[in-house]
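Student: Generate coordinates for the sequence data below:
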Amino acid sequence: MTTTQPPNDLNYPEIGASTALGRPLPAGYNHLRHRAPIGRGRAALDAAGNALLGWRMHRAAGVRITAEADRAAPGTAVRCAIGLGPFRAGAPCRVVWSTDGADGTADSDRYGFTYGTRRGHLAVGEETFVVEMGPDRIVWFTVNAFSRPHRWYARLAGPLLPLAQGLFARRCARALARIAADADRSARAVAGRGRRREHDGWAR
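Tutor: Model (predicted):
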């Protein structure tokens, strides 16, 4: 099921502009588009999608994250911790869109969510994360984002912020690829045990 909810505490006007992956992103922001294959087949899709919606991807990529709900859904307040040690800063966001590939709808080969920056964030903008499976059963992870510094100390970082955002996207892709590979191995092992039991039954 794909859902949206108009938030009321975001600090930018172009709410939802990153959710349409093929459309141009708003002008006046740094843009990020990252797409990578992370696995193949339904087991990989579901495992990666659930890791995405359940915040496991963020944690596996090294981000401290707290959320009002165990699963990303529109309206959910999220707070990420960005940086290291005493330089770690809170990054309040809110989920504005999500789709759950486990619901059996026409969008059942796609998981994803978008969160946008709330007041108090060091930047303004939003980020969309999507895990989807194509007709060839290849599972892809996509990040689509626009942002710009908001706080003065974030502006001082200049080009480092887009570089950090790109690095984070690649770390997320690697984390999901590991999760997808584990799920695929487990699915293959279960299928192999099933075939062995079937063979043993016929042998008797």
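Student: can you give me the helices for this structure?
Tutor: For the chain, the helices defined by DSSP state H occupy 42-53, 56-60, 152-157, 160-203.
Student: And the shortest one, what does it pack against?
Tutor: This means helix 56-60. Helices and strands touching helix 56-60, by 3 or more Cβ pairs under 8 Å, 6 or more residues apart in numbering; DSSP states H and E, are helix 42-53, helix 160-203. C-betas here are computed from N, CA, C, even on glycine.
Student: Tell me which residue is most central in this protein.
Tutor: The centroid of the chain falls nearest to Phe129 when counting by Cα atoms, centre = their mean (3.5 Å).
Student: Test of understanding: give the bridge partners of that residue.
Tutor: Phe113, Val143 (DSSP bridges).
Student: What pLDDT does the model give it?
Tutor: Model confidence at Phe129, given as pLDDT, is 97.
Student: ok, it touching Thr142?
Tutor: Yes. Using Cβ atoms under 8 Å, Phe129 is in contact with Thr142, at 7.4 Å.
Student: residue contacts, the residue nearest to the centre of the chain?
Tutor: 52, 57, 112-114, 141-143, 172 (Cβ atoms under 8 Å, 6 or more residues apart in numbering).
Student: out of those, who has the most neighbours?
Tutor: Phe141 (28 neighbours; other Cβ atoms under 10 Å).
Student: Tell me how far that residue lies from Thr99.
Tutor: According to Cβ to Cβ, to the nearest Å, Phe141 stands 14 Å off from Thr99.
Student: lowest-confidence helix or strand of the protein?
Tutor: Lowest on mean pLDDT, DSSP states H and E among the helices and strands of the chain sits helix 152-157, with a mean of 51.
Student: send the alpha carbons of stretch 43-56 over as PDB?
Tutor: Taking Å, rounded to 0.1, in the frame of the first residue of the first chain, the C-alpha atoms of stretch 43-56 are listed here in PDB:
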ATOM      1  CA  ALA A  43      13.600 -13.400  -0.800                       C
ATOM      2  CA  ALA A  44      16.200 -10.700  -1.400                       C
ATOM      3  CA  LEU A  45      13.500  -8.100  -2.200                       C
ATOM      4  CA  ASP A  46      11.500  -8.800   0.900                       C
ATOM      5  CA  ALA A  47      14.500  -8.900   3.200                       C
ATOM      6  CA  ALA A  48      16.000  -5.700   1.900                       C
ATOM      7  CA  GLY A  49      12.600  -4.000   1.900                       C
ATOM      8  CA  ASN A  50      11.800  -4.900   5.400                       C
ATOM      9  CA  ALA A  51      15.300  -3.800   6.500                       C
ATOM     10  CA  LEU A  52      14.600  -0.500   4.800                       C
ATOM     11  CA  LEU A  53      11.200   0.200   6.300                       C
ATOM     12  CA  GLY A  54      12.200  -1.200   9.700                       C
ATOM     13  CA  TRP A  55      15.200   1.200  10.100                       C
ATOM     14  CA  ARG A  56      17.700  -1.700  10.000                       C
END
